[in-house]
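Asker: From the sequence below, what's the structure:
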Amino acid sequence: MARLRGYSSRLRSNALHALVAAFTAVMLSAVVARANENQRDNVKTVVAAAVAPVMAKYQIPGMAVGLTAAGKTYVLDYGVASLETRKPVTRDTLFEIGSVTKTFTATLASYAAVTGKLALSERVGRYVSSLRGSKFGNASLLSLGTHTPGGLPLQVPNGIENDGQLIAYLKRWTPTCAPGSCRTYSNVGIGMLGSVTAKSMDQDFVSLMEDRLFPLLGLKNTYINVPAARMADYAQGYTSDGAPIRMKAGVLWAEAYGVRTTAADAIRFVEANMEMIALDGTLRRAITETHTGYFQAGVMTQDLIWEQYPYPVSLQALLQGNGPAMLFTATPVSRIVPPETPGSDVWINKTGSTNGFSTYVAFVPQERLGIVILANKSYPISERVRLAYRILTQLGDGAGGYSSPSNRSRFSERR
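Answerer: Okay, the predicted model is just below:
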């Protein structure tokens, strides 16, 4: 009988322990859920407070912000995709991202290099026989991806309407500075890098992007040619004066500025660049190698299209590195020998613009902190940089805000 009573007592004790454990698990789950809710509420508050005055000042119809912070991903939508239809911006809204397209082109070129299809150290003439013996044909593929072949124009010159005319122009082109001595931001250079990459992989550039690279990245809402079924999600763009506009196809447009995407896909690409999502090993290596530093250009280090700064970074440095002088004038550069190995203690960014859309992308691998800002109106790059800096400064070490004075100083000590 005593043995039975002892057994019964143990059963009651075990049941009590199980009940306590279950209750504790429920309580912990509730605490975690509440913490996550508070964190999201804080992120929404921070972003909305930063975005609202910018949208009001520049009369921006719609904006989408993608964020990754403290291991969480957020997509926040504001305003409308079209002033005519008043359709709100949603997770499905497609924005033109302008020159942020170049980072995808650079990724494809790096992927081709990693898989042995091309070598960035090789000359253009090796892959484009009609340019052999010309100054442009002697330019390295790397110089095209770092804006350093010697003074290419920002845009494809007026009057060039097909590939034949482009090749004829490039045959006649002569550098305005010694190759490798100056940086001149150019759609022509990255456009030709994309074209050469496609040749090396024996496929059309658009097909390579839409059928290979985007799927490998897990991007399901990213296009160069928006399919008919998705046109309803394509935001209407607006010029700085408020006139409706969308980009038109042209020579090298797909390679230089042709991508349309959502904030959700764009922030996934940022996370891929910070090794936060599972990817094919070859693609992972290709992405990482686009963060190699090749040239010092003023306050900024030029990677393969991406631009980076030592972290912590000041707002002043970012404004200078993303300023008009870096976009429109030749900047003296010094080659980094050997090239700077990709690191995590850097701020990496890229701006993008079309006549009716504005984009800014920035991320800090060391902090697993990144942002994408998409808007369907043209507004100043400086405002995009300030907006991103304000948001990331406030979110800092964890989406709940600053968790320590040391983190606060990361952003403010050199402002």
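Asker: what's the helix or strand for the residue nearest in space to the middle of the chain?
Answerer: Centroid check for the chain by C-alpha atoms, centre = their mean gives V361 as the closest residue, at 4.5 Å. Mapping V361 onto the secondary structure by DSSP states H and E places it in strand 358-364.
Asker: next SSE after that strand?
Answerer: Following the chain from strand 358-364 toward its C-terminal end, the next helix or strand by DSSP H and E is strand 369-375.
Asker: then that following strand to CSV, C-alphas only?
Answerer: Coordinates of each C-alpha in strand 369-375 appear next as CSV, following Å, rounded to 0.1, in the frame of the first residue of the first chain:
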residue,chain,number,x,y,z
LEU,A,369,21.4,46.1,-40.6
GLY,A,370,20.1,47.2,-44.0
ILE,A,371,17.6,49.4,-45.7
VAL,A,372,16.0,49.8,-49.1
ILE,A,373,14.0,53.0,-49.8
LEU,A,374,11.8,53.0,-53.0
ALA,A,375,9.8,56.0,-54.2
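Asker: Report the beta-bridge partner residues of the residue nearest to the centre of the chain.
Answerer: K350, V372 (DSSP bridges).
Asker: which residues does it contact?
Answerer: The neighbours of V361, taking C-beta atoms under 8 Å, 6 or more residues apart in numbering as the test, are V100, T103, A266, V270, N349, K350, T351, G352, G370, I371, V372, I373. To be clear about C-beta, it is placed using only N, CA and C from the backbone, and glycine gets the same treatment.
Asker: show me where pLDDT drops low in this structure?
Answerer: Applying pLDDT under 70 to the chain flags residues 1-38, 397-415.
Asker: tell me the contacts of A330?
Answerer: Under the criterion of C-beta under 8 Å, 6+ apart, the neighbours of A330 are G151, T176, C177, C182, R183, T184.
Asker: can you do 10 Å?
Answerer: H147, G150, G151, T176, C177, S181, C182, R183, T184, Y185 (C-beta atoms under 10 Å, 6 or more residues apart in numbering).
Asker: related to what we said a few turns ago, ok, the contacts of V361 vs P339, which is closest?
Answerer: Using C-beta to C-beta, T103 comes nearest to P339 of the contacts of V361, at 17.9 Å.
Asker: Please, which helix or strand holds that closest one?
Answerer: Counting by DSSP H and E, the secondary-structure element that holds T103 is helix 101-114.
Asker: Could I have the CA atoms of that helix written out in CSV?
Answerer: As requested, C-alpha coordinates have been extracted for helix 101-114 and formatted as CSV (Å, rounded to 0.1, in the frame of the first residue of the first chain):
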residue,chain,number,x,y,z
THR,A,101,20.2,47.6,-61.3
LYS,A,102,24.0,47.8,-61.7
THR,A,103,24.5,45.8,-58.5
PHE,A,104,22.6,42.9,-60.1
THR,A,105,24.7,43.3,-63.3
ALA,A,106,27.8,43.2,-61.2
THR,A,107,26.6,40.1,-59.4
LEU,A,108,26.0,38.3,-62.7
ALA,A,109,29.5,39.3,-63.9
SER,A,110,31.0,38.1,-60.7
TYR,A,111,29.0,34.8,-61.0
ALA,A,112,30.4,34.4,-64.5
ALA,A,113,33.9,35.0,-63.2
VAL,A,114,33.5,32.5,-60.3
